[in-house]
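In: this one's sequence-less:
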Ligand code: TRP
């Protein structure tokens with residue numbers, strides 16, 4: 001099975017780094033990071049988060065990329081082949097399946113939030129935020145969520161675009177999109193930071209994000225930081241494995257891993273510096289949870305000079321970020337179907353798209369027709385989010401780091417790391433990272 005011919009590779013190291021950063025930078029950075037930092041003590045939380053990224057998430061990222069690069073196959077076939085070569089248990093393949101299923105499930109609810117973002121681009125163009133107050137902004141968002149056809153419609157548009165891009169293949173689809181969307185995202189973000197500095201309360205935002213307040217830091221905040229470090233790097237869902245499978249030969253995995261983690265963190269902090277100046281200048285509460293972006297920010301934009309223009313740029317940026325992440329979530333499913341069935345990319349994309357849409361239907365309807373359908377007090381959307389983010393991702397990540405740092409045969413390790421496993425995979429990968437993940441688990445099930 002020489003796989004280069006099946007999937008192809010990124011043209012150069014930058015395409016890999018850009019694609020992997022695009023996967024990492026998403027709603028997690030712009031929508032989630034600012035509000036969890038807000039809820040958990042700002043700068044103190046940022047410090048813990050940086051520790052989690054470097055000691056736990058980065059080794060997992062390196063492990064994922066290594067597993068992909070070693071065989072250049074989809075996660076399922078890669079782990080299968082590597083465990084055969086290492087004469088290890090066949091059950092390791094479950095780790096590949098878990099990753100593929102996790103990516104698939106994440107897209108099924110991620111597309112819904114991405115759809116909100118698309119809707120908000122159009123609302124800003126229409127000037128819908130002008131003169132909005134807190135209550136009317138809440139009502140605007142609430143009315144939108146209450147409409148099954150609107151929520152489902154926007155999610156579907158987002159999903160169709162994602163699958164069309166994937167159907168075009170890694171060069172003409174993924175790489176071409178990334179080359180446009182990533183510079184656009186960074187450019188828009190810089191514009192927004194400048195706007196925040198000019199029109200907002202930059203100093204309070206800076207203090208909030210960078211001066212630690214340890215009194216607000218609880219044990220739970222540390223767990224939130226740990227969980228988010230996985231989500232934000234897109235770990236545990238096969239995304240980095242499959243992007244690693246397309247990596248050019250002569251690129252250092254460790255160096256690229258550090259660059260991706262740094263870029264992702266920098267963008268999350270910059271997003272904070274775009275959002276919080278506006279939040280503080282308008283007397284809004286930074287720790288108000290997921291509503292921060294879709295309810296509080298529109299109020300602020302509605303009352304600022306050129307607010308509609310900047311609101312539009314903001315939600316456009318959010319949509320770009322969501323798009324470059326979404327394409328990474330089911331690329332491993334696509335690759336598996338192509339390997340297994342030999343279908344064309346477009347045919348595989350149609351199949352995956354229909355399946356994601358059917359599974360995602362419940363998530364789009366969770367805010368309206370199915371809002372009363374709950375299990376363990378969670379609606380369908382929250383349940384899928386919880387199952388994947390808190391259970392599947394850490395579980396698959398644990399398997400992945402264990403596999404790469406203990407199980408993989410020396411010959412395979414040497415084929416990608418000529419000097420042997422890098423220290424990050426030995427010292428940190430063998431002990432620190434697995435322990436960190438076990439701690440998240442224990443806490444989720446109430447042992448801590
Ligand atoms: N990292 C992305 C974000 O921050 C989301 C994402 C992309 C993701 N690929 C993933 C999350 C794979 C988990 C697994 O929004």
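Out: Cool, the structure landed. Values in this document were obtained by computation on a predicted structure and should not be read as measured data.
In: Point out the residues in this structure that sit beside the ligand.
Out: Those residues of the chain that sit near the ligand, judged by Cβ under 6 Å from any ligand atom, are 23-24, 26-29, 103, 106, 231-232, 234, 236-237, 239, 325, 328-329. Using the backbone N, CA and C atoms, a C-beta is placed for each residue, glycine as well.
In: burial count for residue 206?
Out: 17 (other Cβ atoms under 10 Å).
In: So it belongs to a helix, correct?
Out: Yes - with the criterion set as DSSP: H, G, I helix; E, B strand; the rest coil, the secondary structure at residue 206 is a helix.
In: Disregarding flanking residues, what is the spatial nearest neighbour of residue 169?
Out: residue 345 (5.0 Å; Cβ to Cβ, 6 or more residues apart in numbering).
In: Residue 404 now?
Out: residue 63 (3.5 Å).
In: The one you found contacts residue 403, doesn't it?
Out: Yes - look at residue 63 against residue 403 with Cβ atoms under 8 Å: they come within range, at 7.3 Å.
In: In terms of neighbours, single out the busier of these two.
Out: For residue 63 and residue 403, the more surrounded residue by other Cβ under 10 Å is residue 63, and the numbers stand at 30 against 22.
In: The more buried one sits in which helix or strand?
Out: Residue 63 belongs to helix 58-71 when assigned by DSSP states H and E.
In: What segments of the stretch 301-448 of the chain are strands?
Out: Per DSSP state E, counting those that start in this stretch, the stretch 301-448 of the chain has strands spanning 374-375, 378-379. These are given in chain order.
In: which residues touch the first one?
Out: Taking contacts as Cβ atoms under 8 Å, 6 or more residues apart in numbering, the residues outside strand 374-375 that touch it are residue 383.
In: Direction included, what does it pair against?
Out: Taking DSSP bridges as the criterion, strand 374-375 sits next to strand 378-379 (antiparallel) in its sheet.
In: tell me how far the partner strand is from the chain's mean position?
Out: Chain-centre distance of strand 378-379: 22 Å, with Cα atoms, centre = their mean, to the nearest Å.
In: Once you drop chain neighbours, what's closest to the closest residue to the ligand within the stretch 301-448 of the chain?
Out: Relative to the ligand, the nearest point of the stretch 301-448 of the chain is residue 325 (3.7 Å; Cβ to the nearest ligand atom). Nearest residue to residue 325 in three dimensions, chain neighbours excluded: residue 26, at 3.2 Å (Cβ to Cβ, 6+ apart).
In: Spit out the contact partners of the one you found.
Out: Contacts were defined as Cβ under 8 Å, 6+ apart; by that measure residue 26 touches 110, 232, 234, 321, 322, 324, 325, 326.
In: Neighbours of the residue nearest to residue 169, how many?
Out: Residue crowding around residue 345 was assessed by other Cβ under 10 Å; the count is 20.
In: Does it touch residue 335 like I think?
Out: No - with contact defined as Cβ under 8 Å, residue 345 and residue 335 do not form a contacting pair (9.5 Å).
In: Wait, residue 269 touches residue 209, no?
Out: Yes - with contacts defined as Cβ under 8 Å, residue 269 counts as touching residue 209 at a distance of 6.6 Å.
In: Number of residues surrounding residue 406?
Out: Using other Cβ under 10 Å, the number of residues around residue 406 comes to 15.
In: Leaving out chain neighbours, which residue sits closest to it?
Out: Leaving out its chain neighbours, residue 406 is closest to residue 430 (Cβ to Cβ, 6+ apart), at 6.4 Å.
In: from what I can see that neighbour touches residue 404, true?
Out: No - Residue 430 is not in contact with residue 404 according to Cβ under 8 Å; the separation is 9.8 Å.
In: which helix in this protein runs the most residues?
Out: Ranked by residue count and defined by DSSP state H, the top helix of the chain is helix 93-125.
In: now it against helix 58-71, angle please.
Out: What separates the directions of helix 93-125 and helix 58-71 is an angle of 110 degrees, with axes from the mean of the first three to the mean of the last three Cα atoms, to 10 degrees.
In: buried ones in helix 93-125?
Out: Buried residues in helix 93-125, counted by 16 or more other Cβ atoms under 10 Å: 93, 95-121, 123-124.
In: Stretch 75-91 now?
Out: Across stretch 75-91, burial judged by 16+ other Cβ under 10 Å covers 75, 76, 77, 78, 79, 80, 81, 82, 83, 86, 88.
In: what is the rounded mean pLDDT of it?
Out: If you average the pLDDT over stretch 75-91, you get 94.
In: go on, stretch 158-178?
Out: Here the average pLDDT along stretch 158-178 is 94.
In: Stretch 231-238 now?
Out: Predicted confidence along stretch 231-238 averages 95 (mean pLDDT).
In: now do the same end-to-end measure for it.
Out: The stretch stretch 231-238 measures 12 Å between its terminal residues, going by Cα to Cα, to the nearest Å.
In: Also stretch 78-93?
Out: Where stretch 78-93 begins and where it ends lie 9 Å apart, using Cα to Cα.
In: same check, this time on stretch 169-182
Out: Taking Cα to Cα, the span from the opening residue of stretch 169-182 to its closing residue is 18 Å.
In: in that stretch, what counts as buried?
Out: Burial within stretch 169-182, assessed by neighbour count using 16+ other Cβ under 10 Å, is assigned to 169, 170, 173, 174, 175, 177, 178, 181, 182.
In: taking those one by one, which sit in strands?
Out: Counting by DSSP state E, none of the members of those fall within strands.
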